[in-house]
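> here's a sequence, model it:
(one chain, ligands or ions: 2)
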Amino acid sequence: MEMFHVKPRWLFLKITCDDGTVGWGEPVVEGRAQTVETAVKEIARYLIGQDPRDIEKHWQIIYRGNFYRNGPILTSALSGVEQALWDILGKHLNVPVWRLLGGKVRDRIRMYGWLSLEPTGDYIDMYAKSINENVEGFTAYKTCPIPPMQMIEQPDVLHAIRDNITLLRDKVDKKIDVALDFHGRCTPAMSRRLIHMIEDVDIMFIEEPVLPGDVAALKQLSSSTSIPIAAGERLFTRWQFNDLIEQQAVAIIQPDISHCGGIFEARKIASMAEARNIAVAPHCPLGPIALAASLQFASCTPNFLCQEHLTLGHDYLKVPFQVKEGYVDVPYLPGLGIEVDEEKVRAGIFSGDWSTPQFRLKDGSFAEW
Ligand SMILES: O=C(O)[C@@H](O)[C@H](O)[C@H](O)CO
Ligand SMILES: [Mg+2]
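Residues are numbered from 1 along each chain as shown. Ligands and ions are numbered 1, 2, ... in the order given. Below you'll find the predicted structure:
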């Protein structure tokens, strides 16, 4: 077992079996790569000598075996290990992972693009231009229009947000969806007011209008607007998604395949959501291995909606993902469907830290990132 800290902020895991089969995974949670690495090393003590094909058994023992469960560090470590085990099984049987999870339900996977996280200056024209000219043909984009927010914000801030969103939507081709990520920066009261102010703008979905653990607030927001509400990147395993889904508090769940417990765990969460007519748009602002795992999930999940991505893998894959008319074809190579370029991985190694922007309100107090 080997791990690589690579630029810009990712952790790759390589598991080599006795027969030489290699599996890759991406066990990382934002800003905690070194902590997750340590968790994977602890998991490795158990895994060494085990049959890599008993994925469910290993999952249960790693997740439930130590009395304390859950939490982003354990579930992200577990997710990366799980991805690597599926990669190994797929390569061993010479089939893509989706084939082992029931087969594909689509031919191609809809992707969506990100417009930079912290909009600054006169960004509306810039965003509209890049959306309308997009060479990959993405049919959806997401952006974060919410500045650090006071618990009850002033009208100039609220009106500026409303005006920017309205302007952006007006300037973008109607065939392209625009989604908004509120990043959990608003209180339920502020989110309700803001969503009401943009109710008539055609928004694809609003993500994390409040922090995702607040199921009651999400449910209330969902029933107070016609804009679909999305959440889930900061929830882990089916036990944390259970309430959100059961309460039908959102229209879209967004498990992260590198945080929620892995490919099969996401597949189970998606089935719970399917029974409540909830769509799934996996979160993935991570690297190409996490994206590969997400695409395996997307290939075989009926209620999949669209896939987030930040990279198409040019830095670390022998053949990067190709986007045509906004879609990626279902992958056919065995396992996770990628060939990791180990030379490039070794060239990408770095030991820097992942810096999180620090926001302050007017009175100097800390604000949500
Ligand atoms: O939906 C997203 O991609 C963002 O909310 C990211 O998860 C956040 O910036 C941390 O990486
Ligand atoms: Mg988000």
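> tell me which helix or strand of the chain sits lowest on mean pLDDT?
helix 123-132 (a mean of 88; mean pLDDT, DSSP states H and E).
> name the residues of the stretch 201-350 of the chain found near ligand 1, please.
Taking Cβ under 6 Å from any ligand atom as the contact definition, the stretch 201-350 of the chain meets ligand 1 at 233, 283, 285, 308. All C-beta atoms are positioned from the backbone trio N, CA, C, and that covers glycine.
> phi, psi of the last one?
Read it as Glu308. For Glu308, the backbone dihedrals (degrees, to the nearest 10) come out as phi -70, psi 150.
> contacting residues around it?
112, 114, 142, 254, 281-285, 294 (Cβ atoms under 8 Å, 6 or more residues apart in numbering).
> one more time with 10 Å, if that's ok
Taking Cβ atoms under 10 Å, 6 or more residues apart in numbering, we find Glu308 in contact with 111-114, 140, 142, 179, 181, 207, 233, 254, 256, 281-286, 291, 294.
> does Lys219 really touch Pro209, like I thought?
No. Taking Cβ atoms under 10 Å as the definition, Lys219 is not a contact partner of Pro209, at 11.4 Å.
> any chance of a PyMOL selection covering the buried ones in the contacts of Glu308?
Typed into PyMOL, the line below selects the buried ones among these, using 16 or more other Cβ atoms under 10 Å:
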select buried, resi 111+112+113+140+142+179+181+207+233+254+256+281+282+283+284+285+286+291+294
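> give the contact list for Gly261.
59, 62-63, 70, 74-76, 78-79, 82, 236-241, 255, 268-269 are the contacts of Gly261 under Cβ under 10 Å, 6+ apart.
> only whichever of those residues are buried, select them in PyMOL.
Selection command for PyMOL covering only the buried members of the contacts of Gly261, criterion 16+ other Cβ under 10 Å:
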select buried, resi 59+62+63+74+75+76+78+79+82+236+237+238+240+241+255+268+269
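> out of the contacts of Gly261, name the ones that lie in strands.
Judged by DSSP state E, the subset of the contacts of Gly261 located in strands is empty.
> my read: Cys17 touches Gly49, true?
No. Counting by Cβ under 10 Å, Gly49 is not a contact partner of Cys17; they are 11.0 Å apart.
> of those two, who's got more company?
Set Cys17 next to Gly49 and count neighbours by other Cβ atoms under 10 Å: Cys17 wins out with 15 against 7.
> still on that earlier bit, closest to ligand 1 among the residues of the stretch 201-350 of the chain next to ligand 1?
Set against ligand 1, the nearest of these by Cβ to the nearest ligand atom is Pro285 (3.8 Å).
> contact partners for that closest one?
Counting by Cβ under 10 Å, 6+ apart, the residues that Pro285 touches are 9, 30, 114, 117, 233, 256, 258, 291, 308-311.
> again, only this time at 6 Å
Counting by Cβ atoms under 6 Å, 6 or more residues apart in numbering, Pro285 touches Leu310.
> and if you look at the one 5 residues further on?
In this structure, Ala290 makes contact with 26, 258, 284, judged by Cβ under 6 Å, 6+ apart.
> tell me the spacing between it and ligand 1.
Ala290 sits 11 Å away from ligand 1, going by Cβ to the nearest ligand atom, to the nearest Å.
> picking that back up, strands - which of the contacts of Glu308 land there?
111-114, 140, 142, 179, 181, 207.
> for the most centrally placed residue in the chain, what are its contacts?
Nearest to the geometric centre of the chain sits His283, at 1.5 Å (Cα atoms, centre = their mean). Applying Cβ under 6 Å, 6+ apart to His283 gives the contacts 233, 254, 256, 308.
> please repeat the previous calculation with a cut-off of 7 Å.
His283 makes contacts with 232-233, 254-256, 308, as judged by Cβ atoms under 7 Å, 6 or more residues apart in numbering.
> which one of those residues sits closest to Leu336?
Asp256 (15.7 Å; Cβ to Cβ).
> how close does the nearest residue to that closest one once chain neighbours are set aside sit to Asp181?
Nearest-residue entry for Asp256: His283, 4.1 Å, with adjacent residues in sequence omitted and distances by Cβ to Cβ, 6 or more residues apart in numbering. Distance of His283 to Asp181, given as Cβ to Cβ, to the nearest Å: 10 Å.
> now do Tyr127
From Tyr127 to Asp181 the distance is 14 Å (Cβ to Cβ).
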